[in-house]
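Visitor: dropping a prediction and its sequence here:
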Amino acid sequence: MSPAVYALHACALALLLAGLRELLFGFEENRCSMTYMFEHPEYRRIQLPRHVAHQYPAYGLYLYGEGMYAQETRGLKLTGAPVLFLPGNAGSYKQARSLGSVALRKAENMEGGVHMNVFTINFNEELVALYGGSLLRQTQFLHESIRVILRLYKNCPDPPSSVVLVGHSMGGVVARALFTLPRFNPRLVTLILTQASPHLAPVISLDPHILEFYSSVRQRWSTASEDLQNVSVLSVGGGYRDYQVRSGLATLSCPANDHNKLSVVCKGANTDKHPDLYREMRSGEVTAVPRTWVSTDHLSIVWCKELVLATVRAFFDLIEPETQQFTGDVKKRMSVLNHHFIRHPVLLPGDQPVTPVSFTGTPETWSEVNTLRLFYSPPKEATVQYFFFALSSRRKAYTHFYCRSSSMEMSSWIFGCTQMNGSICAQAVDLSWRAELLPVYKVLTLSLDELSAVSHLVIDASNPSESQYIVECEWQREKSLTMPVPVPHILSFGLTASDVTINSSGLLHSIQLQHFHQVYQAFKITVMCHCKTTKDRMLNIYRMKVPWFREDSFHTAGFPSVTEISAMLHMARSDNTSSAILQLHTAPNCQYKVSVRTSFPKVLGQILRFCGPVLPVYMAVVLLLALKRQLSVVLHTGRSVAMRESIAKGLQPHKLELPVLLFHLLLRQAWFQEGWSTLGLPSVDSLPLSPVEDLLQHEAVPGQDWPHLISLSLCILGATVAFWGSTVLSMSVHVMSFILAPLHRPSVSRHCATFSPPAQFLLIISLVVLGGVTCGALSITASYLFHLYRVLRLQMTEMSLSHMLNLVPQKTQQNTENGYSSAEAQNKPKESNGSPFLSEAALHDVRDDLQLHLSVSTLLTLPLMLSAPSLIYWSRNLRYSVHLVPDPWWPHTVPLIIASVLLINCTTLTLSHSKLMLGLTFHLLLPLSITMMTFSPLHLYRVTHFLSAALTLLATSCYL
């Protein structure tokens with residue numbers, strides 16, 4: 001094989017590693033503060049009814065406690081508000097300690113004995129994200145646990161009628177699945193908070209059970225049922241630090257008019273410090289959740305102190321002091337959740353005034369502002385100061401009023417005056433609830449069209465606490481502060497840039513990043529700030545705002561500064577009507593240079609983030625094409641070629657992509673789509689680049705042909721993984737055969753480690769019975785090991801023959817028909833005195849068989865990997881049940897098991913004799929690959945079905 005082939009696959013491997021680096025390490029280190037326990041945590045097991053304990057022996061229900069609280073709750077006489085934590089995929093019930101410990105510390109400062117009882121469920125650390133057969137069982141046990149929890153409060157003066165659920169990862173999906181149970185009362189759960197839960201679709205679909213589970217949950221929540229209108233759900237995603245569950249999957253699939261369901265994503269930002277005005281802020285990611293300002297990965301989202309504090313604050317604000325239980329008022333629930341997780345106005349929840357506000361003070365404390373901008377920093381001593389702006393003279397020239405303050409006191413600070421008494425506002429309405437908390441100050445933007453009943457705007461700049469802060473306000477014209485900037489093409493590779501220079505005369509500027517609305521786009525935005533003076537200036541805040549999804553990120557910078565922003569999306573906008581926006585909260589009289597470049601490594605990272613789970617499909621397609629290439633050589637020469645060479649020469653992406661593209665174009669035609677649905681044919685899978693709703697509806701968006709180019713890239717990456725994976729497998733076989741060779745008698749036959757027909761029959765029956773009695777994945781693993789042993793023995797034989805010095809040289813006889821040497825002539829052994837000599841042909845025969853079986857082993861590795869989660873789940877629950885129920889790999893993998901056993905005896909000689917069946921198999925592999933690439937990206941378990949069909953055809957070719 002030429003060095004150019006190795007160089008090509010080495011370059012592709014470098015691109016793959018670059019994408020993996022961006023996916024796994026393309027962010028700052030974890031900035032979350034650890035949640036510590038002040039006392040030793042205790043988990044008291046709750047006694048379950050006998051029938052429940054017998055039906056779910058692997059599960060358990062626990063009450064979290066520490067110190068005196070744990071002693072007080074020994075008798076399970078509970079009076080707090082119940083909260084139930086649900087662990088996720090391979091999660092432990094002990095992960096509830098962060099939530100429980102912070103809740104206990106918070107309760108110590110609460111009046112009236114208000115507190116929470118935190119329960120947690122032990123799901124035996126099951127791999128429910130990879131094996132969906134136990135999801136329904138977990139949901140049913142959750143229902144029983146809720147009933148048990150509520151019965152613990154039967155002697156409470158005000159017993160709770162519902163339980164608040166906190167679900168991490170797949171635990172959040174199980175929480176929503178409660179409402180699919182036929183006998184579940186929706187009133188038992190009124191609030192669900194999920195952390196990094198893939199609500200829209202599973203991360204990877206390894207079996208049909210998880211897809212059926214998601215389908216039932218989606219169907220239940222997509223209908224606007226009245227019993228679900230009173231259920232509040234908040235989904236918190238992990239952002240780019242969470243590479244296990246991308247945050248686009250954390251969106252809730254609910255009707256658009258259901259405002260009781262919220263989703264928010266943890267996003268990142270860089271921060272600089274300003275020693276004069278603000279506390280030091282370390283460089284790191286900043287979450288979109290107010291007052292949290294840190295990022296989380298998939299595991300730290302459970303124990304991240306900043307996020308746990310926000311959760312506990314929200315829960316205590318939802319507890320009614322009179323009953324000491326969670327409120328049943330839906331509006332209050334949503335108001336509190338919005339306050340703590342979406343938009344924080346720097347006010348205490350529940351302090352919103354319903355009556356007009358009146359002011360007292362002397363005229364000396366009131367100052368009218370006639371300039372276009374206000375800058376004020378109060379003196380260090382306590383003062384009373386009000387500023388007011390007249391609206392009448394500004395309505396025609398300006399559209400908005402912008403104001404910001406670095407004061408973080410929980411008090412009202414901006415008002416709309418409805419009645420003036422001289423130079424003093426006599427009556428006003430509080431507008432502070434429209435403010436929004438940003439990392440280092442609070443901002444408020446008011447539209448003058450919405451202030452028709454207001455004559456003046458009043459700024460309360462009093463300083464009763466003698467603290468230092470800055471207030472800046474100005475009048476704005478929206479059009480003059482917004483400028484469109486087209487982003488560079490994705491194939492510009494960062495060589496070209498879109499630049500814009502802002503000579504800031506205001507406090508807020510917006511840059512509309514035109515054509516930035518797809519997830520496979522990724523940019524590096526550089527903002528250079530330079531000011532003539534840096535005295536008395538508030539920090540810059542750069543906000544990446546996505547109108548169609550709550551994934552805003554914030555970056556703060558000082559003066560002067562150079563800030564790099566990674567611009568990527570968690571969810572695409574399918575209608576292309578809007579683009580992402582870069583908001584610059586700037587300082588006046590400064591210059592800002594903004595440069596936008598395509599970041600090709602981050603593009604690769606985005607492709608792997610969204611399409612990484614689809615890569616096994618393309619690996620399987622490439623391996624089938626490589627097998628097709630090998631069969632072609634066997635068909636014409638009777639010989640075989642190395643797997644790496646067949647991958648390099650057999651890869652022909654145009655033969656795959658063109659039929660798939662043509663098929664997708666036909667699906668855009670109404671008549672073809674209608675006929676396809678009428679025949680009841682399965683839906684076509686698309687790459688998970690579009691919004692999940694579009695994928696679920698199987699609708700092709702016109703003009704969206706970029707996914708086909710990405711599919712071509714995935715095909716190349718899949719070929720790279722297959723190429724180097726087969727290399728690693730070949731080297732591993734060589735090393736293992738060298739280690740195991742002393743344990744075996746040397747062999748020189750190509751038929752080593754084969755079975756007689758009766759032995760093959762008994763082995764097939766044994767494996768079939770083993771899979772039916774225990775687990776189908778166990779039979780797949782056993783059949784793989786039997787075939788691997790055949791490969792190892794062939795490798796040992798090849799090593800023995802290659803070290804022999806007395807092999808008879810092989811004489812090549814040309815075949816006049818095709819120019820290749822005749823395999824049958826080469827296979828005839830030389831004789832001396834009636835005894836056959838070993839010739840070089842025997843070595844070539846063993847090498848041919850070795851290459852063929854290495855290819856088969858590589859193909860069998862994929863079903864082995866895809867079925868591994870089921871095998872792990874079965875082994876962990878072996879003490880409870882020998883038989884895996886339900887088993888996603890049984891009985892449809894029986895043909896795969898039979899084929900793998902029959903292929904043990906297969907040789908290139910038997911294949912070359914099967915001209916009819918071998919030719920049919922050769923011609924069917926390409927249509928099989930195209931079909932697999934069309935129907936398997938969102939149904940990964942189908943890969944095993946297609947490989948089973950291909951190997952069955954190959955096994956048939958060895959015998960017919």
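Guide: The structure has been received and is ready for your questions.

Visitor: poorly predicted segments of the stretch 1-150 of the chain, please.
Guide: Residues of the stretch 1-150 of the chain that meet the criterion pLDDT under 70 lie in 1.

Visitor: again, 80 this time
Guide: 1, 27-31 (pLDDT under 80).

Visitor: mind listing the helices for it?
Guide: 3-25, 50-55, 67-72, 97-108, 135-151 (DSSP state H, counting those that start in this stretch).

Visitor: and the contacts of the first one?
Guide: In this structure, residues lying in contact with helix 3-25 by C-beta atoms under 8 Å, 6 or more residues apart in numbering are 243, 601-602, 604-605, 607-609, 612, 644-645, 648, 716-717, 719-721, 723-724. C-beta: built from backbone N, CA, C; applies to glycine.

Visitor: that older thread, dump the helices of the stretch 1-150 of the chain into a markdown table; add mean neighbour count as well.
Guide: Shown next, in a markdown table, are the helices of the stretch 1-150 of the chain (neighbours: other C-beta atoms under 10 Å):
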| stretch | mean neighbour count |
| --- | --- |
| helix 3-25 | 15 |
| helix 50-55 | 12 |
| helix 67-72 | 14 |
| helix 97-108 | 21 |
| helix 135-151 | 20 |
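
Visitor: save the ones you listed as TSV, and put in distance to Val369 too.
Guide: Below are the helices of the stretch 1-150 of the chain laid out as TSV (distance: least, C-beta to C-beta, whole Å):
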stretch	distance to Val369
helix 3-25	48
helix 50-55	68
helix 67-72	54
helix 97-108	42
helix 135-151	57
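
Visitor: restricted to helices, list the contacts of helix 3-25.
Guide: Secondary structure from DSSP state H places 601-602, 604-605, 607-609, 644-645, 648, 716-717, 719-721, 723-724 of those in helices.

Visitor: may I see the ChimeraX selection of the buried members of those?
Guide: Applied in ChimeraX, the following selects the buried portion of the ones in helices among the contacts of helix 3-25 according to 16 or more other C-beta atoms under 10 Å:
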select :601,602,604,605,607,608,609,644,645,648,716,717,719,720,721,723,724
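
Visitor: Tyr43 touches Val118, doesn't it?
Guide: No - using C-beta atoms under 8 Å, Tyr43 makes no contact with Val118, being 10.3 Å away.

Visitor: got any residues that touch both of these two?
Guide: What both Tyr43 and Val118 touch, as defined by C-beta under 8 Å, 6+ apart, is the set 63-64.

Visitor: neighbour-wise, which of those two wins?
Guide: Remark: of Tyr43 and Val118, Val118 carries more neighbours, 27 against 19, as counted by other C-beta atoms under 10 Å.

Visitor: now for the more buried one: which residues touch it?
Guide: Applying C-beta under 8 Å, 6+ apart, one finds that Val118 lies in contact with 63-64, 83-85, 96, 99-100, 103.

Visitor: quick check, nearest of those to Lys545?
Guide: Taking C-beta to C-beta as the measure, Leu99 is the one of these closest to Lys545, at 30.6 Å.

Visitor: you'd agree that closest one is up against Thr311?
Guide: Yes - between Leu99 and Thr311 there is a contact at 6.8 Å, judged by C-beta under 8 Å.

Visitor: who touches both of those two?
Guide: With C-beta under 8 Å, 6+ apart as the test, Leu99 and Thr311 both reach Val166.

Visitor: can you pull the contacts of the spatially closest residue to Leu438 that is not a sequence neighbour?
Guide: Of all residues not flanking Leu438 in the chain, Ile541 sits nearest, at 5.3 Å (C-beta to C-beta, 6 or more residues apart in numbering). Ile541 is in contact with 438-441, 554-556, 584-585, counting by C-beta under 8 Å, 6+ apart.

Visitor: just those now: which is nearest Ile192?
Guide: Phe554 (27.3 Å).

Visitor: so when I look at the closest one, I'm seeing a helix, right?
Guide: No - Phe554 is assigned strand when assessed by DSSP: H, G, I helix; E, B strand; the rest coil, not a helix.

Visitor: would you check how far apart it and Ala580 are?
Guide: 14 Å (C-beta to C-beta, to the nearest Å).

Visitor: before we move on, the earlier item: what helix or strand does the residue nearest to Leu438 sit in?
Guide: Using DSSP states H and E, Ile541 falls within strand 540-545.

Visitor: paired strands for that strand, with orientation please.
Guide: Applying DSSP bridges, strand 540-545 is found paired with strand 553-557 (antiparallel), strand 581-585 (antiparallel).

Visitor: for the ones you listed, which one sits closest to Gly494?
Guide: strand 581-585 (18.0 Å).
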